[in-house]
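J.: got a sequence here, can you build the structure:
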Amino acid sequence: MSKKLFCFGLGYSALFLCDKLMQEGWQIAGTTTSEEKRKALEIMGVDAFIFDGTYQTKEILPALKTSSHILSSVPPNADGDVVLNYYSQDLKDLAPHWVGYFSSTGVYGDHNGAWVDETSECVPTGERGHRRLKAEKQWLEFHKKYNLPVHIFRLSGIYGPGRNVLTRIKNGTAQRIDKPGHYFSRIHVEDITSVLEASFQNPTPGEIYNLADDIPCPSLDVTDFGYDLLNIEKSALIPFEKAALSPGMLSFYNDNKRVKNDKIKTTFKITLNYPSYREGLKNYMTNVQAATQ
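T.: Here you go, the predicted structure:
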């Protein structure tokens, strides 16, 4: 079987996966939202096309139809999943080995700090969570109707190289927000790639998987660990009620839950490279220090 991944939406996590796969000899094609990004992807060796979710780009169809694996990381809009809205007639006639959809643990909503797994009730509190849940249902219905081998991956807060609390502390955007008893779950981008590659080897169409590490914790714990790693004096503690947060960040704080990851471990027999933020941030520090020596 030829190894070719088509990715709708070549964002942070998808690009990390694609970079790893290209090193293993895979062909990569996919979409981005601007000509500038498309040219940068072409330089990387990606067969890239523009798709901004407002119209169908027919130029992608030859690459899509010859792909063994398809991943969608495009966020839904008010009308539902944008990929299915524009490409369902093309996708239903394909026979790829594997199809994946990046969703979010935001679909669970607020569980008052309790643990949630893939069988837990989904009660989204915000518009983004409702849209994600609607898109999940669309993909699973498409799987049942056309036998497309769809897998749903509910991602926790993603961090990794260039996207972590150490970077925010250095550029002055980190905030030490105090909200006792409030839990976040997170996942390192390298572990996302590990899970997807394991899923490639062991497809389980129709299944949903949480992608989270082992240690949900308050955001303040991660921020303070970052300050300690950098040996920088901590900024002032900000009570949650007084924090200046974007609507996106505020939506994260509206939900309080701890996400279980047992299913990815038992199904794919994997061990996380970064079982907590501690290992992930320490590794990033080590790599940065090695690069500057």
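J.: ok, then the element right after the lengthiest helix in the chain?
T.: Ordering each helix of the chain by length in residues (DSSP state H) puts helix 127-146 first. Note on helix 127-146: by DSSP states H and E, the next helix or strand toward the C-terminus is strand 150-155.
J.: can you pull out the helices in this structure?
T.: 12-23, 35-44, 61-65, 82-91, 127-146, 165-171, 189-201, 219-230, 247-254, 262-268, 277-292.
J.: chain center to the third one, what's the gap?
T.: It refers to helix 61-65. 24 Å (C-alpha atoms, centre = their mean, to the nearest Å).
J.: buried set for that helix?
T.: Across helix 61-65, burial judged by 16 or more other C-beta atoms under 10 Å covers Ala63, Leu64. All C-beta spots, glycine's among them, are computed from the backbone N, C-alpha and C.
J.: who touches the helix or strand of the chain with the lowest mean pLDDT?
T.: Each helix and strand of the chain was given a mean pLDDT (mean pLDDT, DSSP states H and E); the minimum falls on helix 247-254 at a mean of 84. Residues external to helix 247-254 that are found in contact with it (C-beta atoms under 8 Å, 6 or more residues apart in numbering): 106, 110, 125-126, 128-129, 157, 177, 179, 182, 184, 240, 245.
J.: buried residues, it. List them.
T.: Residues of helix 247-254 classed as buried: Ser251, Phe252 (neighbour count, 16+ other C-beta under 10 Å).
J.: and the angle for it with helix 219-230?
T.: For helix 247-254 against helix 219-230, the angle by axes from the mean of the first three to the mean of the last three C-alpha atoms, to 10 degrees is 110 degrees.
J.: still on that earlier bit, for the contacts of helix 247-254, which one is nearest Phe268?
T.: Set against Phe268, the nearest of these by C-beta to C-beta is Gly157 (20.9 Å).
J.: count of residues packed around that closest one?
T.: By other C-beta atoms under 10 Å, the residues close to Gly157 number 19.
J.: which residues sit in contact with the residue nearest to it when sequence neighbours are not counted?
T.: Nearest residue to Gly157, sequence neighbours excluded (C-beta to C-beta, 6 or more residues apart in numbering): Arg186, at 4.1 Å. For Arg186, the contact set (C-beta under 8 Å, 6+ apart) comprises Ser156, Gly157, Ile158, Tyr159, Ala212, Asp213, Val222, Tyr277.
J.: can you redo those as a markdown table with pLDDT and distance to Leu250?
T.: Converted to a markdown table, those look like this (pLDDT from 0 to 100; distance: C-beta to C-beta, whole Å):
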| residue | pLDDT | distance to Leu250 |
| --- | --- | --- |
| Ser156 | 97 | 17 |
| Gly157 | 96 | 14 |
| Ile158 | 97 | 18 |
| Tyr159 | 97 | 19 |
| Ala212 | 98 | 21 |
| Asp213 | 98 | 23 |
| Val222 | 97 | 18 |
| Tyr277 | 98 | 21 |
